[in-house]
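In: pasting the sequence and the predicted coordinates here, then a few questions.
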Amino acid sequence: AQSVTQLGSHVSVSEGALVLLRCNYSSSVPPYLFWYVQYPNQGLQLLLKYTSAATLVKGINGFEAEFKKSETSFHLTKPSAHMRDAAEYFCAVSYTDKLIFGTGTRLQVFP
Amino acid sequence: ETGVTQSPTHLIKTRGQQVTLRCSSQSGHNTVSWYQQALGQGPQFIFQYYREEENGRGNFPPRFSGLQFPNYSSELNVNALELDDSALYLCASSGRGAENIQYFGAGTRLSVL
């Protein structure tokens, strides 16, 4: 069965520091890959999407992710964290019409 | 263009009761998917509707059922509620196909006592 693994349930960074959130998927066939963000008491908002057009995908709010087929990874990065980036981040894959989500990574940003 | 809206935002039920959650899809979208998000977990796929027909189902029992209407809005019904059904229920609308972005509503938080 397809699955998504997000390493690190909690990540803490200082404001201005690099953000790296890890995501690995299990599949021999590259799926469609997504990163979503969830702020407290809200639904999910799309950050970015990989559809095989380019391995480096730029999203909203300064986030980007790089697809690495050899590592079956799709890690999310941001060069400089802001306080407003504090939220829960979910990596998801889609092979059919459903999304399979990882367990999420909570990002804390300290001043 | 209106986004995905869900109602109600919060709901409290007791074990054994039945509940109906509602979702209005985004304009132009013909597909609605429902997800259950337990506390501290990622969303889990319940089922999907495309043009009023069920188009895939996750590992949820038959007491979870749904409908999609001609205007593509949707309902999620849960019978015989159990304590473990307490969760945030998310609705997402999209075009059909794995490559399509699913746009999520803010969710309905269900508490079963």
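Out: It's in.

In: for the rest of this, base every contact and every neighbour count on C-alpha atoms.
Out: Will do.

In: now the strands for chain A?
Out: A:3-5, A:10-14, A:19-21, A:24-26, A:32-38, A:44-50, A:56-58, A:64-68, A:73-78, A:87-94, A:99-101, A:105-110 (DSSP state E).

In: among these, which is nearest B:S7?
Out: Ranking the strands of chain A by proximity to B:S7 (Cα to Cα) places strand A:44-50 first, at 16.1 Å.

In: can you tell me the strand partners of the closest one and which way each runs?
Out: strand A:32-38 (antiparallel) (DSSP bridges).

In: return the alpha-carbon coordinates of the partner strand using PDB.
Out: Output of strand A:32-38 as PDB, limited to C-alpha atoms (Å, rounded to 0.1, in the frame of the first residue of the first chain):
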ATOM      1  CA  TYR A  32       1.500  13.500  -7.700                       C
ATOM      2  CA  LEU A  33       2.900  15.200  -4.500                       C
ATOM      3  CA  PHE A  34       1.500  18.000  -2.400                       C
ATOM      4  CA  TRP A  35       2.400  20.000   0.600                       C
ATOM      5  CA  TYR A  36      -0.500  21.500   2.700                       C
ATOM      6  CA  VAL A  37      -0.400  23.700   5.700                       C
ATOM      7  CA  GLN A  38      -3.000  23.800   8.500                       C
END
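
In: that older thread, most tightly surrounded among the strands of chain A?
Out: Between these, strand A:87-94 has the highest mean count of neighbours, a mean of 25, where neighbours are mean count of other Cα atoms under 10 Å in any protein chain shown.
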